[in-house]
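Peer 1: Coordinates only, no sequence provided:
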């Protein structure tokens, strides 16, 4: 996997190496091929692959099958498979068209159905519940993304506005033999949260969804409020609470696998390395500051998971870039050579072309020399242009996988 900075940084080559190794370790095609090689699922199959890793996951299925791939980027899919591009992180008409095609494929399946689910599925593939529009779902999603709600909270709401999430997709399969393989981008790997759990039972309720909107002050469209109220009052069917008989769900890759590969790659570079946590979550700014302060040993220390950002400004950035700029402000002017790196493993951090950034004690100075005031850019949540000016952005393009975020503090 090729990663790059806007300028040449020879001293950062080990960071590129460990991040590349982390991405290679969670290669979706190989993960699916290995799982089905060890525990076959006899076909021919109808394959439903949804998420940022969907094309590669579909390619890992052996044999001649039929299927649908829904992703956020163009990538090779198996011969005869239909390919759809959905919208991420906010669903739109493309997501709805993909969702309709998925439901049709499940309805038409005459044999076993293999579901391949990865991060990004919640937005990329959607069919709103009866009485709601894709615009309703998009409006709620947009506000939640800026609210500071975590992924579990967001997906609780999404499940209760959908015709395919929260176990409804597996329920739709009826008596067809079914199996799900998952790649997790969720802290703790809760299977009902990954992709909003389209094929697994949902432990959350309409009441939970309504409470989350109230807690974050989300002003949802009237149709959404009416729909959730009807659900709370048992005038709408709840999401399935019991598993589909015989349906098997297997997790095949997650952030821990990526972090472990990064540690091994650091060792190959002659650098001591360790994992601090694979359950990184919370506010990106706070967690970045905590990570920099907590690491006192020399070597590389890795943090895996997914943080959140409550966006209050109108700038452009992403949670990893925001974390990196927060770290840069702490490291500014130091002389101990500490570097902080933050990578979105899907290759896309927020609505930008960057996967994250690597910063050091000179990042703030370089930004200032380009005429940018770091505090103003930080508070406006405009990390992307500042880190572009400082030369610290990390780019890879859509990686074809998604296991959350990987951070590193490298202290020489």
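Peer 2: Structure's in. What do you need? The shown structure was predicted, so the numbers you read here are calculated from the model rather than taken from an experiment.
Peer 1: where does the chain have low pLDDT?
Peer 2: For the chain, the stretches with pLDDT under 70 are 1-2, 4-8.
Peer 1: Show me the protein divided up by domain.
Peer 2: For the chain, automatic domain parsing gives the domain ranges 10-23+255-411, 27-253.
Peer 1: Can you give the distance of the last one from its chain's centre?
Peer 2: Between the centre of domain 27-253 and the centre of its host chain there is 13 Å, according to C-alpha atoms, centre = their mean, to the nearest Å.
Peer 1: Need the nearest residue in space to residue 228, chain neighbours excluded.
Peer 2: residue 210 (4.6 Å; C-beta to C-beta, 6 or more residues apart in numbering). (Each C-beta comes from the backbone N, C-alpha and C, glycine too.)
Peer 1: so how many other residues sit close to that neighbour?
Peer 2: Using other C-beta atoms under 10 Å, residue 210 is surrounded by 21 other residues.
Peer 1: For the stretch 201-350 of the chain, just list every one of the strands.
Peer 2: Along the stretch 201-350 of the chain, the segments classed as strands by DSSP state E, counting those that start in this stretch run 248-253, 273-280, 299-305, 339-344.
Peer 1: that older thread, would JSON lines of the domains of the chain with distance to residue 3 be doable?
Peer 2: Shown next, in JSON lines, are those (distance: least, C-beta to C-beta, whole Å):
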{"stretch": "domain 10-23+255-411", "distance to residue 3": "5"}
{"stretch": "domain 27-253", "distance to residue 3": "15"}
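Peer 1: circling back to that earlier point, turn the strands of the stretch 201-350 of the chain into CSV, columns for mean neighbour count and distance to residue 110.
Peer 2: Shown next, in CSV, are the strands of the stretch 201-350 of the chain (neighbours: other C-beta atoms under 10 Å; distance: least, C-beta to C-beta, whole Å):
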stretch, mean neighbour count, distance to residue 110
strand 248-253, 18, 20
strand 273-280, 19, 41
strand 299-305, 24, 41
strand 339-344, 28, 39
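Peer 1: Select, out of these, the one closest to residue 370.
Peer 2: strand 339-344 (19.7 Å; C-beta to C-beta).
Peer 1: State the next helix or strand along the chain beyond the closest one.
Peer 2: Proceeding N to C from strand 339-344, the next assigned helix or strand is strand 356-359, under DSSP states H and E.
Peer 1: Give me the contacts around that following strand.
Peer 2: 5, 9, 12, 15, 318, 320-321, 324-325, 327-328, 331, 339-344, 349, 383, 387, 390, 392-394, 405 (C-beta atoms under 8 Å, 6 or more residues apart in numbering).
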